[in-house]
Structures are given as C-alpha cells and as structure tokens.
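J.: Structure for the following, please:
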Amino acid sequence: MNVNQSVPPVPSFGQPQPVYPGYHQSSYGGQSGSTAPTIPYGAYNGPVSGYQQTPPQGMSRAPPSSGAPPTSTAQAPCGQAAYGQFGQGDVQNGPSSTVQMQRLPGSQPFGSPLAPVGNQPAVLQPYGPPPTSAQVTAQLSGMQISGAVAPAPPSSGLGYGPPTSLASASGSFPNSGLYGSYPQGQAPPLSQAQGHPGIQTPQRSAPSQASGFTPPASGGPRLPSMTGPLLPGQSFGGPSVSQPNHVSSPPPQALPPGTQMTGPLGPLPPMHSPQQPGYQPQQNGSFGPTRGPQPNYGSPYPAAPTFGSQSGPQPLPPKRLDPDAIPSPIQVIEDDRNNRGTEPFVTGVRGQVPPLVTTNFLVKDQGNASPRYIRCTSYNIPCTSDMAKQAQVPLAAVIKPLARLPPEEASPYVVDHGESGPLRCNRCKAYMCPFMQFIEGGRRFQCCFCSCINDVPPQYFQHLDHTGKRVDAYDRPELSLGSYEFLATVDYCKNSKFPSPPAFIFMIDVSYNAIRTGLVRLLCEELKSLLDFLPSLLDQIPEMFADTRETETVFVPVIQAGMEALKAAECAGKLFLFHTSLPIAEAPGKLKNRDDRKLINTDKEKTLFQPQTGAYQTLAKECVAQGCCVDLFLFPNQYVDVATLSVVPQLTGGSVYKYACFQVENDQERFLSDLRRDVQKVVGFDAVMRVRTSTGIRAVDFFGAFYMSNTTDVELAGLDGDKTVTVEFKHDDRLNEESGALLQCALLYTSCAGQRRLRIHNLALNCCTQLADLYRNCETDTLINYMAKFAYRGVLNSPVKAVRDTLITQCAQILACYRKNCASPSSAGQLILPECMKLLPVYLNCVLKSDVLQPGAEITTDDRAYVRQLVTSMDVAETNVFFYPRLLPLTKSPIESTTEPPAVRASEERLSNGDMYLLENGLNLFLWVGASVQQGVVQSLFSVSSFSQITSGLSVLPVLDNPLSKKVRGLIDSLRAQRSRYMKLIVVKQEDKLEMLFKHFLVEDKSLSGGASYVDFLCHMHKEIRQLLS
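T.: Predicted coordinates for the structure are as follows:
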C-alpha cells in the first residue's frame, strides 16, 4: 500500500454511528413489585474480627457487616401495583454551606507546606489557639478501637477538599451509637455562631514518609482555606496540617470521663445550616426531613430509660452528621466537567488519567488508545507484586474494542499490507505499534512487549531520522496511533477461506401467550419495515397461528435449528430469539420451575444464579464454534429462569432484553426501539480477542459475555459496540519505572460486510515505586466497574454475604494502606481518603445495596439474574449511572435553557415538594412530581388543572405547544439517546404507592432491604479502616 494514498472507505466503521437510544425496566422488567416490608436496620453494627495481615483469598472470609435478611413476600400479580400507601411530609431545600471541590489532575505535583495561620484573612479564623499536646492526648485516649465500649467524642463535620478526612462519627465503633453524643443537659441549641461543623480545605503539603517510600518534593498551588462554625462543645485551633490528596477535619473533643454509650438512640433533631457570610449556597445543598433513629444502635447515655418508662430527666438527642460535609458525587462530576471538559484529551503522554466518564470531551489519538476503548483502574501501577498486594488496588482494564465514537472523532484507519499481512513480533506475536523500537538504520526492530529483535521485511523498510524514528511514522497509523485496523489475510480465516457475509435469523415464539398479547403481529409488522426484502410469510405468520391453544414452548431445539441453518450456509450470524415462557415441553433443555425465595440469605442462594442444566452451556459452546451469536428477547408473565436461558446469549457475546407482563399499548415503543437498535448495531462476528502485555505483568482473569476454551483467548460469536471485556492483570516479574508497562488488545473479527479484520488498541501505563503515585492515578469509576463484575461473578459460587464482606474488606484495605503509608500523621478519629478515591465508599455502598447483592422483597429471582448478566458486560459510563442514578430538578433552571439541568444528590432530602425531578439509571426513567408543584406547571406539562388529576404511572407525556413541555420532552429524548437501551418513562406522584419504587433509586438513603445510608456506611468504613490500622 502506498503510504500516501487515501485510506479505503471503512464499511460501517467509517460512518458516524447511531447514538444511544435507552434502557428500561420497571423492576428491570416492567412489572410492579409487591410491598416491601420494612426491615430493621442492622447491617453495620456487628462485632468486627481482628485484622489479618494476609489478605483473604477468594470469598472464604466473612468479615464484618452484611445486611439483615429481607423478608420474603409473595409476588404481586402482573399489572397490579402492590406497594402500600406511603406518606411524606413537606421536604424543603434549605441553604447549606458551600465548598468548591476540585478534582486534581493525576499528574499534579505535591503542593507546598502550609502557610502560617497569620496569613489567612481574619474572617476565616473564628477559632482559638491550637490544641495542646495534652488536649490531643486526651482526645485520643477517649477512643478505643478494640471491642470494649469507650467514651466517645461528639460527631464532627467532615473535612472536604484535597485528602478527604472526617472525624469519627463516634469515638468507638462496636456497639456504640452511630453519631457522636453529648452528656445530659450539655448540648445547647445551635445558634448562628455555632451552626454545623465547618468545612476546611487545608493547604497542600507532602505526605509523611511511609515505610520505605519517599515522596517526590515539588511545588504546587496553594488552595484557600475555608472554615465554618463548630458544634457546641468543640474547639479547634488553626488549620490542621494535611497532605496533598485529602481533606482533614478538626479532631473531635473527648467526652467527659464516665460517658458511656448504651441503650437506644433518641430521635435526631432537625439540623439547619446558617448561611456563612461570603459564600453562596451550594447549588444542590439542602436539608429535608430528618432521618429517624437508627434501630439496633445503642444509646449514648448510661442507664437511659427504656421506651416503656418516661421517668427521669430526658437526655438531649445527639447531633447528626451533615451529609453536605461528606464527599459529593455531584460536586466531583461538576468539577471534572469544568476543569477537563473544555480541552481535548490528547493521548500522546504515557500514564495520563483521562477525564471522568461523566465529562463530555474530545479525544485526539497520538499514540495511546482513546479512553472510549480502554479505561484502567490505575494509570500508574506498582513496580512490584509486594507493593500491589500491600495496596490491594485491583489492576484491571475495561476494554470496549468496537466502541462507537462521537461524529467529531475519526473511526480507526484501516491498513492493508497486502498478501504479507500485518507485521508482528516473531516471538510473542504482538502487532506493530508506536512503541516498537527500530534499530540498525531501520533494518530491524525490537519488540516492546518481549524485547525480541526482529528483521524488517524489505517491503516494510524505511530510513530513520536523527531521533531514531522512521521518517514515514506519521504516514502509517500503526506507527503513530493508539488504535487502528489491519485487513486480515486468508491465514486469519477459518479453514483458510475468506468468510461469507454474516446472516440474521429471526425465531419467533408463536405460543398462545405470544399470540394473545399481540406480540407476534407487532413483531411481524416491524420486521417488514426493518428488512428490505422478505416474502409475504410475515403477513401470514399471525394468521397461521391465530387460533393456537399451545401454551408449552421449547428453547434449545430452536437455537440448534438456527445454528444448523448457519452451518449449511457456511457463514457466521446472529439469531434473534423472541420467547415468552419457561420451556417445559418435552425436548432437550426442558426446565422446571425452581423459583424459591426461601433460599435468599442461605448457602444455597447461589443456585438461583446458576443454570439448571449443563445442556445450555454445551449448546453455547457449539454456537461459538459456528460463529452463531444469540440475542434473546423475553416477554415473561411469570418465572422463566433467566439464569438458565441467558447462558447462551451470555457465552456467545449476545444480549438479553426483558419485557415483563408485556402489553402492546404500554411496551410497544420500548420493545421496537430496542429491536431496531439491536438489528442496526455494528457487530463483529466469529471474533477472537487476545490481550498482550509487556514483561512484568500478564492478564490473569476476564469478565464479560464471551467463551474461553483456553486461558488467553476470549472467543465471541459476536461482539457489538456496547459490550466490554474486563481484564485483570497480575505481576509475574518486577516492572521498571523508566520503561513503564504496555497493553495491546487485538480483536480478530468478521465485519458485517464479510471482511476479516484485526482491530488493535495499544496503551502505555506508568510504573511507580511510591504508593502515593499509585493512589494519585487511580480511577474510581473503573474500580467500581471491576468490583461490581467481580462480585456479580462471585455470587455464582459463594454465599452473597461472603461476597459483600469481601468487597468491604478490600475497600477497607485499600483505604487503610493509603492512610498508613501516604497520609500525614493525624488523629485516629479522622477518616482520610485519597483525592481520586473519595467517592469509593459511596459508590461501593451502592454496589452492596444493589438488587443482586441485597434484594428487596419485591425483586424477583429473574430480575436479579437479568441484572447480574447485564452488568457483566457494561462499560464504565453505564455502571456509573446504574449504581448512582442521575436526579435532575426540572424547574430550577431557566425555561429557555437548552443545557441539561445540574443534577442533585440521590437522596430524599434533596427533593422539594414544589419541584419535579427526572431520575435515570440507564434502565429506568422516572418523573417525580411534588405535591406542591405550581398549578401552571402541572397544566403546561400534563394538560390537567391540578396535581390530583395527574395519572400516576403515566408513561407518555402529552405533546403540548409550550416551552416547558418542549423542554422536558426534549430532555427525556436526550437522556434516552445517551443510553444503549430505551428507558420507559414512569410518572410518580409524591405520596403515591409508586413512590416506593422511585425511592429504591435514591441510593444515598437507607434502603428497605437493609442497605446502609451513605453517612452510615462511611462511618462503618471508618471503623473497618481503624480496625485494620490497630
């Protein structure tokens, strides 16, 4: 190929790809759930086992904390809303303190030491002199981290800014009250001068010397200090010395001796935050109704009267921890958008941490693959396995080989080397890439993966310039770009024969249920419009089976028939299977109903996620060998055993869609939108993917929808642009700081046009000998994606409680290692989080509370199996919004504004009954309407005159010619376009029975199934970290 000639047109990939339509399930499948009983909260107050020096292997250890078992209730019949009435008082948004958080770029150097207090403006120094060493000793002596209950300090506000640190919510954790408390009669009411704990952003300084790791010394910008009023009884002098990646709060004051914590907590008082002069209110900071007392937590007072006895002086209730003072996902996302959304992300520099997945940014490929193709848990990996074990940060990459790019970014160039094919290393078979080193005047090259010296073929030879770079480097994509494609030669094809274009086969369930619901007629009409040429068979099918009374269905023989058809045509392809019920007819793959909610929270719970029989795995293996990918569309009215039926789609790289209690009038739009998008997806068929690494690390584990017949090759009958393969790496040798580490993902596949291609993605990472460098270059969103997939696979073989405990332990070890080795010495009462991991606790809590790991009573077994397989191949952006949904207020931003309104935190406290909110998580879309919304707004959006006339559960907004209606409908369309599945809208009125379903997605709050609130979980993580450090 002449290097100057234009690149041949790229079928499919060269065109801008269709944007995401959306996801949706109501309860993941459209059906209403049954009433979820309130479970007493007891998830995080059990005894804590001692710290084990060696990290636990697998899932065997059962450390502290797992949720109370949900009570099982009968499944509500389809279409019947079984939620009980739920009242809610007025929730107002009030002012709150402000803090502007900055997400610091991964490469930012450590800052300079703290400036003297005298340099700060007077208004920021409302405190007295610094505490003496005696005072600090007194504070620390009041805390015990062993099992005994100790006098506890009052709750202190959380520091917030670069290393996030917060005072212990209670000085001793086991069996003590969750929040700090005060002696009887000694907690004066809050006044303007006292308010809630202040937020302080200390200046940056170098971390303390940690076991054998010396931090680099370099200067950096100084951040302004921000302070606020303290709680009664608290004293603080001057800013605390902290270090670069976290925020410290003042150490808590010890309680007077003799104050024990036993018995039940009193009710929590409302906490109003007086506005501080000089700061504007945080855009989403608000206080609503206060949380009630936490059952199962001891009272902070000795000999507290029981609820039955009202004699004696009543103790004052403890002060609550301010949710605005703990790390906010909304603030972090907003800061990253502001700081990193304006400039293109140029991939030329090794080990750069990309902008967050929630930030819109352009990518310029200059030698490393775009983060749209590969995201890593850390971009600076430890040089040794010992260091990696110490930190416990998983080293993983989430790879999306066929990811769709925005129209402004070019699809990968296609390189044709003719009959000789792509140039590779003779030893490790890595493909030519920008990191290969040409030597001896360009006649040979040294492999960057295995260091082997290879000869350059005569037809590929080119001279080197004075820097040792080939003079044609920028004319060849494989020498200058991170991602590109090679046309494959016949050697890369099955049976040494170029493939035929793939085929699509549609397989329609025509049983009684499918005919009765109108599904068959709807599907045949749609296929006529989707497919240019089809015989009149599609018109005849609904008539042929109109009078059927056959209710039993088969499943395995249908797929076998489709696979045989592809085999006879000698091509790969995709089966679109439309199925309604459990296959109970006498045939291979016959299943029985094994739905048993009594197994939840037992050792046999894992069987609910496993396939009933091995026939489905055997069938999937045969499908992969033939290049037969299966997409399954399910329309169940009752249990269909998703765990078993989804095995074939899962192992062949296909997708599962579920529409429970399907009704044409309600679900038509969602089903047809998903089907159209599925048929039009760009798919790679008969694919094999291998990930190569440079010496020192290797790929050891893989997560996703695929089959593996050996330990290195990921086999996919089909791979589309939405699917990811997650790869975990381990050390097998020492890495070098200078040379770094390299990954190369090679995907061999057949395009929709029948062309055999290789798509190559390359990424260079930094390596470090300092733990601080590791912690500065992690990406929490990718970490959570990996941890969720790890846990969701774990439930196949381990009790759910053991899986939850493993996640909590690993998170505690990651944060304890940071505290011990990278943070400045400070009071044990402070929680210190790395800057780029300050959202790890809130996101991890969302995973722990998810329906797979902690199901509510209304979640069906099929729902859990469906979500489990769905998350397995999600990308980082999808898991981010799935576990922490977006909540968007609709009347706060100007009516003429075309931009998306700024999100608020996913908590009931953020809801104002005078507003409306959209909530989306990639599968579900709710419009919550407050009871006090203005009449004009109701009229403009719903075309009714009052709140009471709005239809609850409405799924389509009326098309009205007014600015508000256009704005809200436009926003809904925009949200759907961002997601890979169509999200069906559900309108929820405040205090309506559907509100329980909506509140399930307010993930910062306590869940009915026993999941902890964000505040409680943060306190629990602090306890776990202190346990490890002690």
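
J.: check which helix or strand covers residue 815.
T.: Using DSSP states H and E, residue 815 maps to helix 800-821.

J.: for the helix or strand following that helix, packing partners?
T.: Later in the chain than helix 800-821, the nearest helix or strand by DSSP H and E is strand 830-833. Applying 3 or more C-beta pairs under 8 Å, 6 or more residues apart in numbering; DSSP states H and E, one finds that strand 830-833 contacts strand 164-167, helix 800-821, helix 1014-1029. Where C-beta positions appear, they are placed from N, C-alpha and C, glycine not excepted.

J.: List the buried residues for the helix or strand containing residue 730?
T.: Counting by DSSP H and E, the element that carries residue 730 is strand 725-731. For strand 725-731, a neighbour-count test (16 or more other C-beta atoms under 10 Å) marks 725-729, 731 as buried.

J.: Likewise for stretch 818-832?
T.: So, applying 16+ other C-beta under 10 Å, buried residues of stretch 818-832: 818-824, 826-832.

J.: can you tell me the average pLDDT over it?
T.: In this model, stretch 818-832 has a mean pLDDT of 89.

J.: where along the stretch 251-400 of the chain do the strands fall?
T.: 345-346, 363-364, 374-376, 380-382, 396-399 (DSSP state E, counting those that start in this stretch).

J.: okay, these in JSON lines with mean pLDDT next?
T.: JSON lines is the format used below for those (pLDDT from 0 to 100):
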{"stretch": "strand 345-346", "mean pLDDT": "96"}
{"stretch": "strand 363-364", "mean pLDDT": "96"}
{"stretch": "strand 374-376", "mean pLDDT": "98"}
{"stretch": "strand 380-382", "mean pLDDT": "97"}
{"stretch": "strand 396-399", "mean pLDDT": "98"}
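
J.: so which of those strands gets nearest residue 695?
T.: strand 380-382 (13.5 Å; C-beta to C-beta).

J.: Each with direction, which strands does that closest one pair with?
T.: strand 756-768 (parallel) (DSSP bridges).

J.: how many degrees apart are the strand it pairs with and strand 725-731 in direction?
T.: Angle of strand 756-768 versus strand 725-731, following axes from the mean of the first three to the mean of the last three C-alpha atoms, to 10 degrees, is 40 degrees.

J.: For the remainder of this discussion, apply numbering that starts at 303.
T.: Happy to do that; since the first residue is 303 now, the last one works out to strand 1058-1070.

J.: And stretch 1304-1313, end to end?
T.: 12 Å (C-alpha to C-alpha, to the nearest Å).

J.: do the same with stretch 750-766
T.: Stretch 750-766 end-to-end distance (C-alpha to C-alpha) = 18 Å.

J.: Now do the buried residues in it.
T.: 750-752, 756, 758, 762, 766.

J.: Let me see the mean pLDDT of it.
T.: In the prediction, stretch 750-766 has an average pLDDT of 96.

J.: same check, this time on stretch 1272-1288
T.: 95.

J.: Poorly predicted segments of the protein, please.
T.: Along the chain, segments meeting pLDDT under 70 span 303-622, 835-837.

J.: rerun that using 50 as the cut-off
T.: 303-379, 381-614 (pLDDT under 50).

J.: Show me it divided up by domain.
T.: 716-783, 805-898+908-982, 1187-1304 (the TED database).

J.: quick revisit: of the buried residues of strand 1027-1033, which is the nearest to residue 1066?
T.: Of the buried residues of strand 1027-1033, the one sitting nearest to residue 1066 (C-beta to C-beta) turns out to be residue 1031, at 13.9 Å.

J.: Can you lay out the strands of the stretch 553-702 of the chain as CSV showing mean neighbour count and distance to residue 1178?
T.: CSV is the format used below for those (neighbours: other C-beta atoms under 10 Å; distance: least, C-beta to C-beta, whole Å):
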stretch, mean neighbour count, distance to residue 1178
strand 647-648, 16, 15
strand 665-666, 18, 15
strand 676-678, 27, 5
strand 682-684, 26, 18
strand 698-701, 26, 5
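
J.: how close does residue 1268 sit to residue 676?
T.: Per C-beta to C-beta, to the nearest Å, residue 1268 is found 39 Å from residue 676.

J.: Kindly report the same for residue 1057.
T.: 24 Å.

J.: What about the closest residue to residue 1112 other than its chain neighbours, how many residues nearby?
T.: Using C-beta to C-beta, 6 or more residues apart in numbering and skipping residues adjacent in sequence, the residue nearest residue 1112 is residue 694, 5.7 Å away. For residue 694, the count of nearby residues is 16 (other C-beta atoms under 10 Å).

J.: my guess is residue 694 meets residue 1119, correct?
T.: Yes: if you go by C-beta atoms under 8 Å, residue 694 and residue 1119 touch, sitting 6.4 Å apart.

J.: Residue 726: what's it in contact with?
T.: By C-beta atoms under 8 Å, 6 or more residues apart in numbering, the contact set of residue 726 is 732-734.

J.: how about it, phi and psi?
T.: phi -140, psi 160 (degrees, to the nearest 10).

J.: And residue 1002, by the same measure?
T.: Torsion angles, degrees, to the nearest 10, at residue 1002: phi -120, psi -20.

J.: Give me the number of neighbouring residues for it.
T.: 13.

J.: Now for it: which residues touch it?
T.: 1030-1032.

J.: and of these, the nearest to residue 1181?
T.: Out of the contacts of residue 1002, the member with the shortest distance to residue 1181 (by C-beta to C-beta) is residue 1030, at 15.9 Å.

J.: any idea how far the nearest residue to the closest one once chain neighbours are set aside is from residue 1090?
T.: If the residues on either side of it in the chain are set aside, residue 1030 comes closest to residue 1003, at 4.0 Å by C-beta to C-beta, 6+ apart. Taking C-beta to C-beta as the measure, residue 1003 falls 15 Å from residue 1090.

J.: Between the two, point out the one with more neighbours.
T.: Shown here are residue 1003 and residue 1090; by other C-beta under 10 Å, residue 1090 has more neighbours (28 against 16).

J.: in the helix or strand containing the more buried one, what counts as buried?
T.: Secondary structure from DSSP H and E places residue 1090 in helix 1082-1096. Within helix 1082-1096, the residues scored as buried using 16+ other C-beta under 10 Å are 1082-1096.

J.: coming back round to it: and the strand holding residue 1032, what does it pack onto?
T.: By 3+ C-beta pairs under 8 Å, 6+ apart, strand 1027-1033 packs against helix 687-693, strand 698-701, strand 985-995, strand 999-1005, helix 1082-1096.

J.: buried stuff in the fourth one?
T.: When you say that, I think you mean strand 999-1005. 999-1001, 1003-1005.

J.: and those as a markdown table, adding distance to residue 1253?
T.: Below are these laid out as a markdown table (distance: C-beta to C-beta, whole Å):
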| residue | distance to residue 1253 |
| --- | --- |
| 999 | 57 |
| 1000 | 58 |
| 1001 | 53 |
| 1003 | 49 |
| 1004 | 47 |
| 1005 | 42 |
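
J.: before we move on, the earlier item: output the helices and strands packed on strand 1027-1033 as JSON lines; include the columns distance to residue 1255.
T.: Formatted as JSON lines, the helices and strands packed on strand 1027-1033 follow (distance: least, C-beta to C-beta, whole Å):
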{"stretch": "helix 687-693", "distance to residue 1255": "48"}
{"stretch": "strand 698-701", "distance to residue 1255": "36"}
{"stretch": "strand 985-995", "distance to residue 1255": "36"}
{"stretch": "strand 999-1005", "distance to residue 1255": "36"}
{"stretch": "helix 1082-1096", "distance to residue 1255": "30"}
